[in-house]
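Visitor: below are the sequence and a predicted model for it; my questions follow.
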Amino acid sequence: MGEGIENTKNEILVVEDSNKNANKSKNKKLPRVYLYFLYFLIFAVVGWLLETCFSFYTLGHFTKRGFLFGPLCPIYGWGALILIIFFSTYKKHNLKLFIYAAIIFSIFEYLVSFGMEAMFSLKWWDYTDEVLNLNGRISIFYSFAWGIIAILFINFVYPFFKKKVNIVLSKIPYRAQTIIVYALGLIFISDTVLSCIKYLLI
């Protein structure tokens, strides 16, 4: 009789441990670096869509935008990460956010333009015809635009996407989340390598 009760207790403990492990796995969240990578991809795609729509509007036909084969503009992804990591603390300080973002992103845009041209001898944008431009890489208009975009992004865009991403991830098992991140990472790296080879051979 005692052995039967003891066995029953052991079975209950096993079930409880199993339930605890299942709950831990369910509540486990992706490491921050994984989330940053997902946001990078999301906003790189959003940037590509914006570039494509703007190009279609101005030119009247579809043109391939961006450096990669896939529908991504990495500069938007990196820009989003810079805002998320370094500028989120300025959410309630729009003037500081505007000034800092205008300066930092103008420098960032200049360096990216210079680096891309140095490596591949190609220009992906040219502001030569813009007022108060510097070597056609940046201009006062786009510096102002970066400040406005930073305010909108930190106060509205990022919170919206963050909420949606959290909802989607909450419905996906942790192991599946990690597999998705690794798969997307492999695709992105492959695309980057192949794109670099393509432009180097031009």
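Guide: Good, I have the coordinates. Numbering: from 1, shown residues only.

Visitor: CA atoms of stretch 157-167 as CSV?
Guide: Included here for stretch 157-167 are C-alpha records, laid out as CSV according to Å, rounded to 0.1, in the frame of the first residue of the first chain:
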residue,chain,number,x,y,z
VAL,A,157,6.7,53.3,-35.4
TYR,A,158,9.0,51.3,-33.1
PRO,A,159,6.4,50.9,-30.3
PHE,A,160,3.8,49.7,-32.9
PHE,A,161,6.2,47.1,-34.4
LYS,A,162,7.5,46.0,-31.0
LYS,A,163,4.0,45.2,-29.9
LYS,A,164,3.2,43.3,-33.0
VAL,A,165,6.5,41.3,-32.9
ASN,A,166,5.9,40.4,-29.3
ILE,A,167,2.3,39.1,-30.1
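
Visitor: quick one, what contacts residue 161?
Guide: If a contact means CB atoms under 8 Å, 6 or more residues apart in numbering, then residue 161 has 39, 42-43 as its contacts. All C-beta spots, glycine's among them, are computed from the backbone N, C-alpha and C.

Visitor: now those in TSV, with secondary structure?
Guide: Formatted as TSV, the entries for the contacts of residue 161 read as follows, by DSSP: H, G, I helix; E, B strand; the rest coil:
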residue	secondary structure
39	helix
42	helix
43	helix
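
Visitor: and which of those residues is nearest to residue 174?
Guide: Residue 174 lies nearest to residue 39 out of these, by CB to CB, at 18.2 Å.

Visitor: quick one: contacts for the closest one?
Guide: 77, 80-81, 84, 161, 165.

Visitor: wait, residue 83 sits on residue 155?
Guide: No: under the criterion of CB atoms under 8 Å, residue 83 is not in contact with residue 155, lying 10.9 Å apart.

Visitor: comparing those two, which residue is more hemmed in?
Guide: For residue 83 versus residue 155, the count of surrounding residues by other CB atoms under 10 Å is larger for residue 83: 24 against 15.
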